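Undergrad: This is the structure alone, sequence omitted:
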């Protein structure tokens, strides 16, 4: 079963705020079953939070507490538009009631693959609620009534405007009576000109609070009301009101109006150089703050490790068709049912992708490229197997991928007959380095188990050059080790 689903499986708002869960089985297979609490699904536009759980037939031992557990409950947020999932809380239980351990998860949004068990769960929680005929008729009548009321109000407003003479602007920012009335000494209108007032406020506002030009932010609404402008030009000595949270369609610039770095970079997407480069990742989005403040970040220079007898990684890779995409940052590939096993835990393969040059160093040395194979376990932990690539003979596995590379970015290709076997990508010697780190791309989530194969694999200069034409440099800079333990297989 696609154990990625666990991480994406579950959730209902904070436990205390929800009614007692009523579990419904979504899928069963030997050894475990998946259940969700349908009654407590929480929908917000295209996002759904769901509480769910995995019930195991046999107990497993929790690596942190050393206690046995059979139930994993989790809260997961699903994005039904991007088909991704992000677990935000996880609870391990010995049985229905006895809690072994709880943890808040700072994970990343991960894609849900088509045809997997995760896909079934995603479809289940993202399916819109069904309304009966009576509810549909009631909603239709309410909508029709609201539309009629809105039309009547608009018509009334237009008629009122037609009966009033047009106002003439004067230099003091107020409106005056029409010229023919002015000749007879008519008193000017005391109704304020909001637009003029807003412009005046902008001119006298402190420079530090002046909003960035609208043209610099592609997510800025086309028209901003004067009242919104005034919020951004409040005196430096007056208490600053908390910015309101705006709709997603308006972007997040207004929501973070008083956070200078976020406003400055709101229109920039993360990249490997320029304004969107690694040094600015944390400024582009509040979700990326770990990129700057994390203490267990990747990649690192792998050196001074302790040499021990490491348990061998069991690779359960099978020949499979594949789906390949140029996602704007790298070439990424998804395959069928494949996994690895280590220390009694199984990690399902989610996807693999390429970096040039290699992100990690080994004893100060970088390699021409690296492929990162990203896996996820039942309890939500990520494990990345890194295979270093060096210049040499042509690699048949890589060539199959390059032969089917998409012509356009973000346009996935799924060749109907081409097959790949990831076992042929692995080095002959399976010894490795291991340490705890993070994702090397935003949001830079930590708690990732890294398994870096010691023996590099060869690729031809032509194959390296093909990737270089797309991504000359898509490697994050080396991060501080910070006293972390690095193990090296003997």
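TA: Thanks, I have the structure now. Keep in mind it's a predicted model, so treat the numbers as computed, not measured.
Undergrad: For residue 394, list the residues it contacts.
TA: 459-460, 462-463 (C-beta atoms under 8 Å, 6 or more residues apart in numbering). In this view, the C-beta of every residue, glycine as well, is placed from N, C-alpha and C.
Undergrad: Of the residues you listed, keep whichever come out buried.
TA: Burial by neighbour count, judged by 16 or more other C-beta atoms under 10 Å, picks out 459, 463 from these.
Undergrad: Taking the contacts of residue 394, tell me the two that lie furthest apart.
TA: Across the contacts of residue 394, the longest distance by C-beta to C-beta is 8.9 Å; it joins 459 and 462.
Undergrad: that older thread, can you list the contacts of residue 394 in a markdown table and add distance to residue 39?
TA: Listed next are these as a markdown table, based on distance: C-beta to C-beta, whole Å:
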| residue | distance to residue 39 |
| --- | --- |
| 459 | 53 |
| 460 | 57 |
| 462 | 58 |
| 463 | 53 |
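Undergrad: Just the ones of the contacts of residue 394 in helices?
TA: Applying DSSP state H to those, the entries found in helices are 462-463.
Undergrad: What is the nearest of the contacts of residue 394 to residue 292?
TA: residue 459 (33.5 Å).
Undergrad: Mind listing the residues bridging to the closest one?
TA: Taking DSSP bridges as the rule, residue 459 bridges to residue 391.
Undergrad: That one and residue 396 touch, don't they?
TA: No - between residue 459 and residue 396 there is no contact under C-beta atoms under 8 Å: 10.3 Å.
Undergrad: how about the helices of this structure, start to end?
TA: Applying DSSP H to the chain gives helices spanning 4-7, 117-126, 133-163, 179-182, 194-204, 226-232, 260-264, 281-284, 290-293, 396-403, 461-470.
Undergrad: From the contact count, pick out the helices and strands touching the last one.
TA: Read that as helix 461-470. Helices and strands touching helix 461-470, by 3 or more C-beta pairs under 8 Å, 6 or more residues apart in numbering; DSSP states H and E, are strand 382-391, helix 396-403.
Undergrad: Please identify the buried residues of the longest one?
TA: If I follow you right, that is strand 382-391. For strand 382-391, by 16+ other C-beta under 10 Å, it's 382-390.
Undergrad: Stretch 350-367 now?
TA: Within stretch 350-367, the residues that count as buried by 16+ other C-beta under 10 Å are 350-362, 366-367.
Undergrad: Any idea how far apart the tips of that stretch sit?
TA: End-to-end distance for stretch 350-367: 24 Å, by C-alpha to C-alpha, to the nearest Å.
Undergrad: again with stretch 101-111
TA: From start residue to end residue, stretch 101-111 stretches across 27 Å - C-alpha to C-alpha.
Undergrad: and that stretch, which residues are buried?
TA: 105-108, 110-111.
Undergrad: just stretch 277-292 next, same as before
TA: So, applying 16+ other C-beta under 10 Å, buried residues of stretch 277-292: 278, 280-285, 288, 290-291.
Undergrad: same deal with stretch 403-420?
TA: 404, 420.
Undergrad: Could you list the low-confidence segments of the stretch 251-400 of the chain?
TA: Where the stretch 251-400 of the chain drops to pLDDT under 70, the residues are 251-267.
Undergrad: How many neighbouring residues does residue 294 have?
TA: A count of nearby residues for residue 294, using other C-beta atoms under 10 Å, gives 20.
Undergrad: residue contacts, the nearest residue to it once chain neighbours are set aside?
TA: Distance criterion C-beta to C-beta, 6 or more residues apart in numbering; nearest residue to residue 294, sequence neighbours excluded, is residue 446 at 5.4 Å. The neighbourhood of residue 446, defined by C-beta under 8 Å, 6+ apart, consists of 106, 290, 294-297, 436-438.
Undergrad: ok, of the residues you listed, which one's closest to residue 406?
TA: residue 438 (28.2 Å).
Undergrad: Surely that closest one and residue 476 touch.
TA: No - applying C-beta under 8 Å, one finds residue 438 not in contact with residue 476, separated by 9.9 Å.
Undergrad: Quickly list the domain ranges of the protein.
TA: 4-126, 247-293, 301-489 (automatic domain parsing).
Undergrad: looking at these, which is closest to residue 151?
TA: Nearest of these (C-beta to C-beta): domain 247-293, 24.1 Å.
Undergrad: What number of residues are in the vicinity of the closest residue to residue 35 other than its chain neighbours?
TA: Leaving aside its chain neighbours, residue 35 sits nearest to residue 23 (4.1 Å; criterion: C-beta to C-beta, 6+ apart). Number of residues near residue 23 (other C-beta under 10 Å) recorded here: 18.
Undergrad: Give me the subset of the buried residues of stretch 101-111 lying in strands.
TA: Counting by DSSP state E, these place 110-111 in strands.
Undergrad: farthest-separated two in the buried residues of stretch 101-111?
TA: Longest span within the buried residues of stretch 101-111, C-beta to C-beta: 106 and 111, 18.3 Å.
Undergrad: circling back to that earlier point, tell me which of the buried residues of stretch 277-292 is nearest to residue 342?
TA: residue 290 (24.9 Å).
Undergrad: Pull out the buried positions in the top strand by length along the chain.
TA: Under DSSP E, the strand in the chain containing the largest number of residues is strand 47-61. Judged by neighbour count (16+ other C-beta under 10 Å), strand 47-61 contains these buried residues: 47-55.
Undergrad: so residue 110 bridges to which residues?
TA: Residue 110 has these beta-bridge partners by DSSP bridges: residue 85.
Undergrad: I'd say it and residue 83 touch.
TA: No - counting by C-beta under 8 Å, residue 110 stays clear of residue 83, with 10.1 Å between them.
Undergrad: circling back: for the buried residues of stretch 101-111, point out the one with the lowest pLDDT.
TA: The lowest pLDDT within those belongs to residue 107, which sits at 65.
Undergrad: What about the buried residues of stretch 350-367, which are in strands?
TA: Among the buried residues of stretch 350-367, the members falling in strands (DSSP E) are 350-355, 361-362.
Undergrad: JSON lines for those residues, including distance to residue 87?
TA: Listed next are those as JSON lines, based on distance: C-beta to C-beta, whole Å:
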{"residue": "350", "distance to residue 87": "13"}
{"residue": "351", "distance to residue 87": "17"}
{"residue": "352", "distance to residue 87": "21"}
{"residue": "353", "distance to residue 87": "21"}
{"residue": "354", "distance to residue 87": "27"}
{"residue": "355", "distance to residue 87": "26"}
{"residue": "361", "distance to residue 87": "31"}
{"residue": "362", "distance to residue 87": "32"}
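Undergrad: Contact partners for the residue lying closest to residue 272 once chain neighbours are set aside?
TA: In this structure, residue 272 finds its nearest non-sequential neighbour in residue 474, 5.2 Å apart by C-beta to C-beta, 6+ apart. Residue 474 makes contact with 272, 329-330, 355-356 under the criterion C-beta under 8 Å, 6+ apart.
Undergrad: beta partners for residue 375?
TA: residue 349, residue 383.
Undergrad: I figured it hits residue 350, correct?
TA: Yes - here residue 375 reaches residue 350: they are 6.4 Å apart, a contact under C-beta under 8 Å.
Undergrad: quick revisit: would you turn the buried residues of strand 382-391 into a markdown table with distance to residue 268?
TA: Below are the buried residues of strand 382-391 laid out as a markdown table (distance: C-beta to C-beta, whole Å):
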| residue | distance to residue 268 |
| --- | --- |
| 382 | 27 |
| 383 | 31 |
| 384 | 27 |
| 385 | 32 |
| 386 | 28 |
| 387 | 32 |
| 388 | 31 |
| 389 | 30 |
| 390 | 34 |
